[in-house]
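In: mind looking at a prediction? Sequence and model below.
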Amino acid sequence: MTQLELDDIQGYLLRGYAHMMYSRFVFLQVKEAAAVKNWLARSWNSFTTAQHVPKDEKICDNHLNIAFTNKGLLALGLKQQNLDEFSVEFREGMVTPHRTRLLGDFGSSSPDNWQWGVDSAQPIHIALMVFGRTDKTCLDYYEKLKCKFGANGLEEVLTIDGQTLPQNKEHFGFRDGISQPIIEGSGRKGPENDYVKAGEFVFGYKNEYGVYPDTPLIASEQGELNLLAADAEGSGRKDLGRNGTFMVMRQLQQDVEKFWDFMNNNTRNDDGSINEKESIKLAAKMMGRWPSGAPLTKYPDQDPGTINDDNNFGYAKNDEEGLKCPFGSHIRRTNPRDSFEDNKIKLSLSLSNKHRIIRRARLYGDPFEGSPLHRTPKGEVGLLFSCFNADISRQFEFLQYTWINNPKVSKLYNDPDPIMGVSEEKLRSGLEQNFTIQELPVSRTVKKLESFVTVKGGGYFFLPSISAVRYLSTL
């Protein structure tokens, strides 16, 4: 059985920090590499690890993690020969013509309109992730760090604050973060089908294919190499990637009013009044879960109401025809579980697990209360989405391009992901995009989907191990 080196893995990869209700993501630029490396040499033991904290130990008020862009590693002095060992996706970044097509970043979501993540006079080198049990503990900790940025060779580019709302609901009103793979060797428990080989998410361990993922090995000697472990495949080279991973970040603005107006307008009573029950049901059909988090496969008719984190279900036996949870719903198409196209259950699970991601999300913008059908946010709201994967192309990008944006996936013909995949280009061209609800004797089609989510920024980062942080300080 695989055993992860938890004390060398940064904590945000394995732990969602649910008890840390507030966070500030600080995007930094390296101005003086020598000073930054001195700071890393002094601070590496300040970064929170994935090691489990005993219940009787004093609970801390803060967590801290760090990640680097390709340009950030270059700014620190990592040789180009060693940078070339990283995947092409990480090196090229999220903003290229090819990536834009893959991810569907057009129209309002075009990088031309992004608030951050595009190469400019102030490229982002480092993402410093500050977490606090409350907004005060978070921001107090951040201020202590910030006052030393200049002396440590760092310049702040921007910050984004994120928080967790009561019942862990996102701005559309649905409980979030329920379906997560369990990394084998992490010590976490859950349904058997949720266990995924560590190498899907962490370098230095075998993945679902039974091989080690491509990891950035040291090609040209530099720095204190004795701080790094040897390549697990036995090449004799040092492994900069071991116990690290890639982190994808996307700032996703949510148009809450537009979302619920669409649900209301497609479920109105004959007299034109809002049918709240049917409106919520349509939104649940699109999401694949009820606002409480309860899965449609187990509760097809109505939301049980109480908070529900049930993730122990499949589709093959209980909902083969999509009559409970539509084929095109967000959670079914992004994780088909045991119903991957027309494959048998065992093969379906195996194929699905080769495209999983560890998903993290923090809400930004002023939270608002009340029924989701009648909410009016005070300003821009959304998700600061993060995910971890060892293979950006086969995991995050595959999900986005093949399962979210593709309108012809899983027995569907003109159905993009109704939450994340509606194309503004097609909307401007007058082309309909639909959502099909499987019913007997005839399926029902909700026509003219609208776009509810806009990308405002993003980037690809390397989340190194604690050992690798120490190594980077010696370049």
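Out: Now that the structure is in, tell me what you want to look at.

In: walk me through the domains of this protein.
Out: Here the domain parsing of the chain from automatic domain parsing is 6-246+463-472, 251-457.

In: need those domains in CSV (columns: mean pLDDT and mean neighbour count).
Out: Bear in mind the C-beta positions are built from the backbone N, C-alpha and C, glycine included. Converted to CSV, the domains of the chain look like this (pLDDT from 0 to 100; neighbours: other CB atoms under 10 Å):
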stretch, mean pLDDT, mean neighbour count
domain 6-246+463-472, 93, 18
domain 251-457, 90, 18
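
In: quick one, helices of the stretch 301-450 of the chain?
Out: Taking DSSP state H, counting those that start in this stretch, the helices of the stretch 301-450 of the chain run over residues 330-334, 345-353, 398, 424-428.

In: how about these, which one is nearest residue 108?
Out: Closest to residue 108 of those is helix 424-428 (CB to CB; 6.0 Å).

In: list the helices and strands that closest one packs on?
Out: Judged by 3 or more CB pairs under 8 Å, 6 or more residues apart in numbering; DSSP states H and E, helix 424-428 is in contact with no other helix or strand.

In: where does the residue lying farthest from the centre of the chain fall, helix, sheet strand or coil?
Out: Among the C-alpha atoms of the chain, the one farthest from their average position, using CA atoms, centre = their mean, is that of residue 271, at 41.8 Å. The local conformation at residue 271, judged by DSSP: H, G, I helix; E, B strand; the rest coil, is coil.

In: from residue 144, how far off is it?
Out: Taking CB to CB, to the nearest Å as the measure, residue 271 and residue 144 are separated by 59 Å.

In: can you tell me the closest non-neighbouring residue to residue 71?
Out: Spatially, and ignoring its direct neighbours in sequence, residue 71 is nearest to residue 123 (5.1 Å; CB to CB, 6 or more residues apart in numbering).

In: residues contacting that neighbour?
Out: For residue 123, the contacting residues are 29, 69, 71, by CB atoms under 8 Å, 6 or more residues apart in numbering.

In: quick one: the second one and residue 24, what's the gap?
Out: So that's residue 69. Shown here: residue 69 relative to residue 24, a distance of 18 Å by CB to CB.

In: what does the last one give?
Out: For residue 71, the distance to residue 24 under the criterion CB to CB works out to 22 Å.

In: picking that back up, columns distance to residue 45 on top of the helices of the stretch 301-450 of the chain, output as a markdown table?
Out: Putting the helices of the stretch 301-450 of the chain into a markdown table (distance: least, CB to CB, whole Å) gives the following:
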| stretch | distance to residue 45 |
| --- | --- |
| helix 330-334 | 37 |
| helix 345-353 | 34 |
| helix 398 | 36 |
| helix 424-428 | 46 |
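
In: closest to residue 186 out of those?
Out: Checked against CB to CB, the stretch from the helices of the stretch 301-450 of the chain lying closest is helix 345-353, at 14.9 Å.

In: now do that closest one: distance to the chain's middle.
Out: Taking CA atoms, centre = their mean, to the nearest Å, one finds the center of helix 345-353 at 21 Å from the center of the full chain.

In: now it - C-alpha only, PDB.
Out: Extracted as PDB, the C-alpha positions of helix 345-353 are listed here (Å, rounded to 0.1, in the frame of the first residue of the first chain):
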ATOM      1  CA  ILE A 345     -18.900  -0.800 -14.600                       C
ATOM      2  CA  LYS A 346     -15.300  -1.800 -13.700                       C
ATOM      3  CA  LEU A 347     -13.800  -0.300 -16.900                       C
ATOM      4  CA  SER A 348     -15.900   2.800 -16.500                       C
ATOM      5  CA  LEU A 349     -14.600   3.500 -13.000                       C
ATOM      6  CA  SER A 350     -11.100   2.900 -14.200                       C
ATOM      7  CA  LEU A 351     -11.500   5.300 -17.100                       C
ATOM      8  CA  SER A 352     -13.200   8.000 -15.000                       C
ATOM      9  CA  ASN A 353     -10.400   7.800 -12.400                       C
END
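
In: residue ranges for the strands of the stretch 251-400 of the chain, please.
Out: In the stretch 251-400 of the chain, the strands defined using DSSP state E, counting those that start in this stretch lie at 358-364, 382-389.

In: could the ones you listed be laid out in TSV, adding distance to residue 96?
Out: Converted to TSV, the strands of the stretch 251-400 of the chain look like this (distance: least, CB to CB, whole Å):
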stretch	distance to residue 96
strand 358-364	24
strand 382-389	18
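
In: out of those, flag the one nearest residue 228.
Out: Each of the strands of the stretch 251-400 of the chain has some distance to residue 228 by CB to CB; the shortest is strand 382-389, at 20.4 Å.

In: work out the gap between the next helix or strand after that closest one and the centre of the chain.
Out: Counting by DSSP states H and E, the next helix or strand C-terminal to strand 382-389 is helix 398. On the basis of CA atoms, centre = their mean, helix 398 sits 13 Å off its chain's mean C-alpha point.

In: quick revisit: between the helices of the stretch 301-450 of the chain, which gets nearest to residue 106?
Out: Taking CB to CB as the measure, the helices of the stretch 301-450 of the chain were each checked against residue 106, and helix 424-428 came out nearest at 5.2 Å.

In: what's in contact with that closest one?
Out: Taking contacts as CB under 8 Å, 6+ apart, the residues outside helix 424-428 that touch it are 106-109, 432-433, 450-451.

In: what is the nearest of these to residue 17?
Out: Once CB to CB is applied, the member of these that ends up nearest residue 17 is residue 109, at 27.7 Å.

In: excluding its backbone neighbours, what's nearest that closest one?
Out: Nearest-residue entry for residue 109: residue 455, 3.9 Å, with adjacent residues in sequence omitted and distances by CB to CB, 6+ apart.

In: for that neighbour, phi and psi?
Out: The phi/psi pair for residue 455 (degrees, to the nearest 10) reads phi -80, psi 130.

In: that one contacts residue 248, doesn't it?
Out: No: Residue 455 sits out of contact with residue 248 when judged by CB atoms under 8 Å, with a separation of 12.0 Å.

In: just confirm residue 36 is within a helix.
Out: Yes: note on residue 36: a helix contains this position according to three-state DSSP.

In: so it sits against residue 155, correct?
Out: No: in this structure, residue 36 sits apart from residue 155 without contact. The criterion is CB under 8 Å, and the distance is 10.3 Å.

In: now the common contact residues for these two.
Out: Residues touching both residue 36 and residue 155 do not exist when contact is defined as CB under 8 Å, 6+ apart.
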